[in-house]
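> Predicted structure and sequence below. I'll ask about it afterward.
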Amino acid sequence: MAEEEFKTDSDPQYTGNASLTPSPTFEDQDSRKRFKESEGSMDNQCKEDGGTESQLVNDIAQELECGCCSELLYKPVMVSPCQHTFCGSCCLLWIRNGGTNCPACRAISTTASPSRPLQLVLDALLRNAPQKARTEREREQADVIYKSGTTLRFPSPREASPEPNVNISAEYARPCPHCSPNNTYGWSCPLPIPDPAVDLEHAWHLDDGLPTGHVQCGNCETFLALRAPSTTRCDFCQTYFCGVGVPSRCSAAPIPLQQPHGFTDIGDLIQSSDVYECFNSNTVEVEIMLDYITAQGLSPRHIYRDIVKYILEQPRQFRPLIEMELFIVSHVGPRVEADSSASLHRICRSCACEIFIWGIKDWWIRERRKGFLEERIMNRKDCPAGGGCAMQSEFGLCNPVSIMFVSLNFSC
């Protein structure tokens, strides 16, 4: 009876089975449909996982930004006791520029120590997201400034300035360090300035000009005795220095021994806009020079001495620079215009800086002639426009050729 129920009108002889088996074609289509649905679900899951992973990397990188440069930490140090983190080079530059506390929270700080756990996290992050790494150029510059593993110490905060004495008028001159007969410098002024806090009646009023035998220091602005053994004068700008306030700065040193103002290490060269202006904003050539200075281990003071040595070997020595009025600088103390016939022995930090900026381009020309640079740099073609090339300031536009300054080929 069951078999007869499966007979149809079109096939009277058909005998069916109680259980029908689906055709193979139908099974394949159904399987493919389920597979596609499964595959789509896996793709969506992968996309979600990939998006989550990318977001996680970005979140971690953001948490590992330096508090100074706002870039991913490089050779991180942790400030104690507040535990803020910075690039080692950023923290060291902060200290060199007078920082005595944490750059982030300004809390009183003692040291900044290398953070090994944080470095391990950075290494793991960069293995999974190498595109987050700092550029090679940035790493090289940072390595010049900060040596890995070095613990940095914050200097003690400067003492607060004394409360102003409202009873002493600014209209009167204050005594110089040598005016007191019992001073610790071993020499006393023959004509001391009366102290207005003690003897206002005989105090020297500034409307009467400078006190006899005294001028103001070109650095610290205090009065100094012209005949004091510690007093020095710059033979270029004719400015006097006390040699007492800040001995390393309040002095005019022998020309080859002076430190150019504002140029202590390679980091100062990198940050100086004056250096780039010397090369007409030729960034490519400046970077080649900075790489060379780093490789040779040269300091700005070494370069300054080479410049001075070269000038002294010339017949007129410093006379052309004086005639260019290169040393008309803004000092506090009164000065006399430099006399080109005078004997030149001492120089102040500001005038040494003028010589350094004036001579660094020609110094680089002489260094390139020594042939210590890589062959690919020495073989650059000459730019027909020479130093007048208008494309120098456009980084990369004239990169394959060189620019001629004076008598040498400079990269452009």
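Good, I have the coordinates.

> For the stretch 101-250 of the chain, which segments count as helices?
Counting by DSSP state H, counting those that start in this stretch, the stretch 101-250 of the chain has these helices, from start to end: 116-128, 136-145.

> tell me the most buried of those?
helix 136-145 (a mean of 15; mean count of other Cβ atoms under 10 Å). No exception for glycine: its C-beta is placed from N, CA and C like everyone else's.

> Run through who's touching that one.
Helix 136-145 is contacted by residues 71, 74-75, 87-89, 92-93, 134, 265-267, 270, 287, 291, 294 when judged by Cβ atoms under 8 Å, 6 or more residues apart in numbering.

> let's see it at 6 Å
74, 89, 92, 266-267, 270, 294 (Cβ atoms under 6 Å, 6 or more residues apart in numbering).

> Stretch 86-101 too?
Under Cβ under 6 Å, 6+ apart, the answer for stretch 86-101 is 66-69, 73-75, 77, 103, 108-109, 112, 142, 145-146, 152, 154-155, 157.

> now do stretch 265-276
So stretch 265-276 is contacted by 141, 144-145, 286, 294, 357 (Cβ under 6 Å, 6+ apart).

> Dump the contacts of helix 136-145 into TSV; add pLDDT, neighbour count and distance to E171 as well.
Output for the contacts of helix 136-145, formatted as TSV (pLDDT from 0 to 100; neighbours: other Cβ atoms under 10 Å; distance: Cβ to Cβ, whole Å):
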residue	pLDDT	neighbour count	distance to E171
Y74	95	22	54
S89	92	24	48
L92	89	21	44
I266	84	18	47
G267	81	19	43
I270	82	17	46
T294	87	16	53
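
> Of those residues, which is the nearest to G218?
When these are compared for distance to G218 (Cβ to Cβ), G267 wins out at 26.2 Å.

> Tally up the residues packed near the residue lying closest to C278 once chain neighbours are set aside, please.
Spatial nearest neighbour of C278, excluding adjacent residues (Cβ to Cβ, 6 or more residues apart in numbering): K361 at 4.8 Å. By other Cβ atoms under 10 Å, the residues close to K361 number 21.

> Mind listing residues that contact the helix or strand harbouring K361?
Secondary structure assignment for K361, by DSSP states H and E: helix 349-369. Helix 349-369 has contacts (Cβ under 6 Å, 6+ apart) with 234, 236-237, 258, 260-262, 274, 278, 289, 303-304, 306-307, 326-327, 329, 408.

> For stretch 364-378, buried residues please.
Residues of stretch 364-378 classed as buried by neighbour count (16 or more other Cβ atoms under 10 Å): 364, 367-368, 373.

> JSON lines please, covering these and showing pLDDT.
Converted to JSON lines, the buried residues of stretch 364-378 look like this (pLDDT from 0 to 100):
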{"residue": "W364", "pLDDT": "90"}
{"residue": "E367", "pLDDT": "88"}
{"residue": "R368", "pLDDT": "84"}
{"residue": "L373", "pLDDT": "71"}
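
> State the phi and psi torsions of M78.
phi -120, psi 130 (degrees, to the nearest 10).

> That one touches G67, doesn't it?
No - using Cβ atoms under 6 Å, M78 is not in contact with G67, being 11.0 Å away.

> Can you list the low-confidence ranges for the stretch 1-150 of the chain?
Within the stretch 1-150 of the chain, the stretches with pLDDT under 70 are 1-51.

> mind redoing it with 50?
1-20, 26 (pLDDT under 50).

> mind listing the strands for it?
With DSSP state E, counting those that start in this stretch, the ranges of strands along the stretch 1-150 of the chain come out as 76-80, 85-87, 111-114.

> I'd like the ones you listed laid out as JSON lines, including mean neighbour count and distance to P229.
Output for the strands of the stretch 1-150 of the chain, formatted as JSON lines (neighbours: other Cβ atoms under 10 Å; distance: least, Cβ to Cβ, whole Å):
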{"stretch": "strand 76-80", "mean neighbour count": "22", "distance to P229": "44"}
{"stretch": "strand 85-87", "mean neighbour count": "24", "distance to P229": "45"}
{"stretch": "strand 111-114", "mean neighbour count": "18", "distance to P229": "40"}
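
> Throw these into a markdown table and include distance to A197, thanks.
Below are the strands of the stretch 1-150 of the chain laid out as a markdown table (distance: least, Cβ to Cβ, whole Å):
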| stretch | distance to A197 |
| --- | --- |
| strand 76-80 | 42 |
| strand 85-87 | 45 |
| strand 111-114 | 41 |
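
> Would you tell me which of these gets closest to C179?
Judging those by Cβ to Cβ, what sits closest to C179 is strand 111-114, at 41.7 Å.

> From the contact counts, what lies against the closest one?
strand 76-80 (3 or more Cβ pairs under 6 Å, 6 or more residues apart in numbering; DSSP states H and E).

> and the strand it packs on, what does it pack onto?
By 3+ Cβ pairs under 6 Å, 6+ apart, strand 76-80 packs against strand 111-114.

> Now tell me what touches the strand it packs on from outside.
Contacts for strand 111-114 (Cβ under 6 Å, 6+ apart): 77-80, 91, 149, 151-153.

> Tell me the one among these nearest to N58.
M78 (22.9 Å).

> excluding its backbone neighbours, what's nearest the closest one?
Of all residues not flanking M78 in the chain, S115 sits nearest, at 4.4 Å (Cβ to Cβ, 6+ apart).
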